[in-house]
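> give me the fold of what follows.
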Amino acid sequence: MSMLLSSMAGSKFQYDESGGTFFYFLLSFLALVVIPCTYYFWPKDRKKEDNKRDRKQCHCEQCAQKEHYLRNREPLRKVKRRVIKFLLILGWIALFACAYKVAHLTNDYINWDPFEILQIDP
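Here you go, the predicted model:
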């Protein structure tokens, strides 16, 4: 057990001092959040749904009053849709900016060559 610990203590770690791998993490995280949120939260076209619903519903006065009440019950619906669209567009801009940054990162890693380390010819 002590040999295992002593060999682990002598390990050399290479840290990412430039922060290049952070952008890969950020890109994957943004993609995992933005793509499903866009699918789920992007506002649907209400006109098509309303036309289908209007054909099936009753058009008496009480039903019309109820429909009017339900439509006006949430006065901030348009504001809510705009905020959702704005946040989704902002998320996509961040995703594209991060993808651009990852595409233009310079590789600053050292190529591992065991022949060079052992000082032998390949």
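
> how about Asn101: what's its closest non-neighbour residue?
For the record, residue 101 is Lys, not Asn. Leaving aside its sequence neighbours, Lys101 sits nearest to Phe23 (CB to CB, 6 or more residues apart in numbering; 5.2 Å). Yep, even glycine has a C-beta here, placed from its N, CA and C like the rest.

> need the pLDDT of that neighbour.
Note for Phe23: predicted pLDDT of 88.

> same thing with Ala94?
96.

> I figured it hits Leu30, correct?
Yes. The criterion here is CB atoms under 8 Å, and Ala94 meets it with Leu30 at 5.9 Å.

> quick one on the thing from earlier: these two touch, right, the residue nearest to Lys101 and Ala97?
No. With contact defined as CB under 8 Å, Phe23 does not count as touching Ala97 (9.9 Å).

> so for the two, which residue has more residues nearby?
Phe23 (18 against 14; other CB atoms under 10 Å).

> and the more buried one, helix, strand or coil?
In three-state terms, and counting by DSSP: H, G, I helix; E, B strand; the rest coil, Phe23 is helix.
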